[in-house]
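J.: need the 3D shape of this:
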Amino acid sequence: MLATAWRMQGKYRHAELLLSLTLAAAEHATGTSSLTVAWLCNEWGVLGKYTGDFDAAKRSYVRALKIYEDAFGPDHDTVAMVCHNLGGLAHARGAAQDGEPWAARSVQIRTRLHGADHVLTALDAAAWAALLEGCGRLEEAEHLLRQALAVFKDSFGAASYDVAVTLHNLAAVQHRRGELQVAGSYYADALRLKERLLGMSHPDLAPTLVNLAALNESQGDLGRSRALHARVIELLHRRVHESHPTLMASRKALSRLVVGGD
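T.: Below is the predicted model of the structure:
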């Protein structure tokens, strides 16, 4: 639980050290296919998504999924949780086509278990929508995001993390459509909420910052774009793997923008 708390605070290296020790201890104490091991494998997968250790994360998720399916069958909340996470991992590595079936499965399970308006269903639907956006299915994505946003506001209030993430994803849909003013407004709202909830130095600000930087560049505000990319690099450096796509994207963009000038 401490490792999970550190991961949520953006202390990824601390979490990585604790989980490496805890997983080995759990395998020894409870067996290699216990529910405790499944829970820890899922945590390893979440951490790997954030640090950019994507291949190891997928192996951990698949291992957790097998344990949960063997224990509970194919239609259980734990199975839906790992399917959600496998979709999120694919989204993080830019493989929306690979992740979309996992996300769709998680929504199908949650809907059968809890109904279409349950908060768990909404969380999975919002994650599915992000992958649909990556697949170019913008109408479907926006519909799911707006439904999820209503559930989150009702369940958590307007100033919640899930609202912030959903605003970011709505911005991405509008950005992809070329509606730059609308997208910029959503990105700004998402960033303000994330900063308020997570603090100014949390690495989870990076996805919104990098998208906002790209939007500013497309609008011709190169100075603002450079500043945002520099902030992304500062947030992620030494916290994630050097091959992390968001870190690499900002480094490449900043190098190009510095050379190009105003």
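J.: what bits of the stretch 151-262 of the chain have low per-residue confidence?
T.: The stretch 151-262 of the chain contains residues with pLDDT under 70 at 260-262.
J.: stretch 42-60: end-to-end distance?
T.: End-to-end distance of stretch 42-60 (Cα to Cα, to the nearest Å): 6 Å.
J.: list the buried residues of stretch 177-184.
T.: Residues of stretch 177-184 classed as buried: 183-184 (neighbour count, 16 or more other Cβ atoms under 10 Å). The C-beta positions use only the backbone N, C-alpha and C, and glycine is treated the same way.
J.: for it, C-alpha coordinates in PDB please.
T.: The C-alpha atoms that make up stretch 177-184 are tabulated as PDB, following Å, rounded to 0.1, in the frame of the first residue of the first chain:
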ATOM      1  CA  ARG A 177     -11.100  17.700 -35.300                       C
ATOM      2  CA  GLY A 178      -9.100  21.000 -35.600                       C
ATOM      3  CA  GLU A 179     -11.300  22.800 -33.200                       C
ATOM      4  CA  LEU A 180      -8.300  24.500 -31.600                       C
ATOM      5  CA  GLN A 181     -10.000  27.100 -29.500                       C
ATOM      6  CA  VAL A 182     -12.400  24.600 -27.900                       C
ATOM      7  CA  ALA A 183      -9.600  22.200 -27.400                       C
ATOM      8  CA  GLY A 184      -7.400  24.800 -25.800                       C
END
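J.: hey, where'd the strands end up in the protein?
T.: Using DSSP state E, the chain contains no strands.
J.: show me what contacts the residue most central in space within it?
T.: The centroid of the chain falls nearest to Gly88 when counting by Cα atoms, centre = their mean (5.6 Å). The contact partners of Gly88, taken as Cβ atoms under 8 Å, 6 or more residues apart in numbering, are 49, 99, 103, 127.
J.: what is the nearest of these to Ala188?
T.: The closest of these to Ala188 turns out to be Ala127 (Cβ to Cβ; 22.4 Å).
J.: hang on, that closest one packs against Met81?
T.: No - Ala127 lies out of contact with Met81 (Cβ atoms under 8 Å); the separation is 10.9 Å.
J.: shared neighbours, those two?
T.: Ser106.
J.: more neighbours: the two, which one.
T.: Ala127 (25 against 21; other Cβ atoms under 10 Å).
J.: picking up where we left off before, please tell me the pLDDT value assigned to the residue nearest to the centre of the chain.
T.: At Gly88, the model reports a pLDDT of 97.
J.: mind putting the contacts of Gly88 into JSON lines with pLDDT and distance to Leu21?
T.: JSON lines is the format used below for these (pLDDT from 0 to 100; distance: Cβ to Cβ, whole Å):
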{"residue": "Lys49", "pLDDT": "96", "distance to Leu21": "20"}
{"residue": "Gly99", "pLDDT": "98", "distance to Leu21": "30"}
{"residue": "Ala103", "pLDDT": "98", "distance to Leu21": "32"}
{"residue": "Ala127", "pLDDT": "97", "distance to Leu21": "30"}
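J.: need the contact list for Met248.
T.: Applying Cβ under 8 Å, 6+ apart, the residues near Met248 are Glu242.
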